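Novice: have a look; sequence and predicted model below, questions after that.
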Amino acid sequence: MFVDIVTIDVLAGDGGNGIVSFRHEKFVDRGGPDGGDGGKGGDVILQATRNENTLATFRYQKRIQADHGQAGSKRKKRGRSAKDTVVLVPIGTTIVNAETGDVIADLTEDNQAAVIAKGGSGGFGNAHFTSSVRQAPRVAEKGEQGEQRTVILEMKLVADIGLIGLPNAGKSTLLSVVSNAKPEIANYPFTTTVPNLGVVDIDSHSLLIADIPGLIEGASKGKGLGDDFLRHVSRCKVLLHLIDVTSNDVATDYTMIQKELSAYNQELAQKQQIIVFTKAELVDEEIIAMQKELLSEVIPDGSTICVVSAHAHTKIKELLHKAAKLVIEADEKQRELQADEDALPLITLEQNDTQWVASKVKDGLFLVTGKKIELFAKRTDYENDFGVMRLRDILKKMGITNQLLKLGIEYGDHIQIGDPSCGKIQY
């Protein structure tokens with residue numbers, strides 16, 4: 001089954017907890033702290049591979065969970081870090097944050113990989129907190145929680161040439177003639193219900209051609225086969241717009257498809273196109289000339305029109321030569337654009353993770369937010385009095401306590417740090 005868009009939950013592994021431990025060895029007087037740190041949780045990584053051509057694997061697998069890091073142990077032994085969970089997806093897969101709509105990664109090359117959710121860091125054991133004034137610390141950190149998010153995987157075929165046109169325009173027949181593909185062919189609408197791919201060698205180049213299932217009026221709004229396959233057109237470098245030369249209204253056939261491309265994505269309608277009249281074996285030169293004249297009224301000036309017969313194998317090579325030339329030009333243009341982007345100076349904005357904001361929510365409750373202080377809060381073991389005391393010390397050193405006093409905090413009031421998952425302490 002062909003599946004090209006799915007929604008899944010990804011959960012990276014939590015970091016292992018640090019532990020509180022002291023040396024207890026014979027003949028060793030006053031053994032010091034030796035609690036080890038926790039191991040790192042596993043990342044969730046998606047990697048593109050040419051060996052996958054559909055997202056069907058995720059049709060029933062809606063959740064990807066990485067392993068957690070192990071807790072630290074005695075003798076300052078660090079807990080084992082979890083292995084990363086690597087999941088293979090087809091080349092051309094875009095990963096989108098389902099909540100924000102932001103693109104997390106776009107995997108367009110074989111073996112290209114991206115970390116979708118980062119595993120949590122391991123918590124520090126008490127051996128990590130020794131100092132000249134704190135020689136027997138009884139505090140250890142909890143492991144950091146791994147990232148969790150819902151993502152949309154959207155596969156878009158990565159092809160050099162895309163075949164577009166109304167149903168029965170001859171796309172599948174042309175693909176079968178120029179490549180090794182064997183698409184289903186019949187004289188009724190929507191014979192092709194999934195994109196077909198074929199490879200053709202021309203001018204010492206190997207071109208990947210995609211037969212995009214037939215579009216109809218209203219496809220961009222879900223009519224017919226809907227917009228399920230319009231997304232696959234977006235990655236094609238050149239489009240071959242096939243029109244049945246025996247059609248009663250070639251101008252309407254052309255404008256209908258162009259309208260659907262524009263409605264889905266304005267950039268699609270502006271892609272390089274070659275207009276191809278198919279089934280030339282069924283009409284004479286006079287009819288072909290008349291159809292060209294009718295089409296010339298609606299196509300952009302300078303458009304290329306080719307007339308071919310897939311059944312008779314006429315003018316096929318000429319068409320492929322022109323298409324290959326446009327693909328090469330598109331590749332060169334892309335390389336120039338990439339070179340211009342690489343030449344631009346990289347500007348980075350300094351981020352201050354120590355920034356925080358304190359506010360009064362209501363009588364008896366104050367809220368503190370900030371990346372660094374929330375991280376400390378999440379790693380605090382609230383069942384350990386020494387851990388809570390350490391968090392209070394951090395609030396004081398960062399100047400947060402002083403600000404809370406200005407806001408009117410009193411003994412017995414509560415301080416909420418970040419969201420409820422970070423925890424709450426009493427002042």
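Specialist: Thanks, I have it. Values in this document were obtained by computation on a predicted structure and should not be read as measured data.
Novice: OK, contacts around G35?
Specialist: The contact partners of G35, taken as Cβ atoms under 8 Å, 6 or more residues apart in numbering, are 18-22, 72, 74, 76, 125-128, 140. Where you see a C-beta, it was placed from the backbone N, CA and C, and this is true even at glycine.
Novice: most neighbours among these, which one is it?
Specialist: G72 (33 neighbours; other Cβ atoms under 10 Å).
Novice: pretty sure that residue sits against S81.
Specialist: No: applying Cβ atoms under 8 Å, one finds G72 not in contact with S81, separated by 11.4 Å.
Novice: show me the shaky parts of the stretch 151-300 of the chain.
Specialist: 180-194, 214-230 (pLDDT under 70).
Novice: can you show me the helices along it?
Specialist: 171-178, 250-264, 266-269, 285-295 (DSSP state H, counting those that start in this stretch).
Novice: domain parsing for the protein?
Specialist: Recorded structural domains for the chain (assignment: automatic domain parsing) are 1-155, 161-341, 357-426.
Novice: so which of the helices of the stretch 151-300 of the chain gets nearest G36?
Specialist: Among the helices of the stretch 151-300 of the chain, helix 266-269 comes nearest to G36, with 54.5 Å by Cβ to Cβ.
Novice: how far does that closest one sit from its chain's centre?
Specialist: 22 Å (Cα atoms, centre = their mean, to the nearest Å).
Novice: do you know how far Q416 is from F366?
Specialist: Q416 sits at a distance of 7 Å from F366 (criterion: Cβ to Cβ, to the nearest Å).
Novice: same question for N402.
Specialist: Distance from N402 to F366, by Cβ to Cβ: 13 Å.
Novice: just L174 next, same as before
Specialist: As judged by Cβ to Cβ, L174 and F366 stand 70 Å apart.
Novice: ditto for K406
Specialist: For K406, the distance to F366 - Cβ to Cβ - is 11 Å.
Novice: contacting residues for the closest residue to Q65 other than its chain neighbours?
Specialist: The shortest distance from Q65 to any non-neighbouring residue, by Cβ to Cβ, 6 or more residues apart in numbering, is to L11 (4.8 Å). Neighbouring residues of L11 by Cβ under 8 Å, 6+ apart: 44, 63-66, 117, 146-148.
Novice: packing partners of the biggest helix by length in the chain?
Specialist: Counting by DSSP state H, the longest helix found in the chain is helix 316-343. Judged by 3 or more Cβ pairs under 8 Å, 6 or more residues apart in numbering; DSSP states H and E, the packing partners of helix 316-343 are helix 171-178, strand 196-202, strand 205-211, strand 238-244, strand 272-278, strand 304-307.
Novice: to Y427, which of the ones you listed lies closest?
Specialist: strand 205-211 (63.6 Å).
Novice: okay but K118 is in contact with E144, surely?
Specialist: No: with contact defined as Cβ under 8 Å, K118 and E144 do not form a contacting pair (9.5 Å).
Novice: ok, these two, which is more surrounded?
Specialist: E144 (23 against 19).
Novice: picking up where we left off before, just say which of the helices of the stretch 151-300 of the chain is most tucked in.
Specialist: Across these, averaging neighbours per residue (mean count of other Cβ atoms under 10 Å) puts helix 171-178 on top, at a mean of 23.
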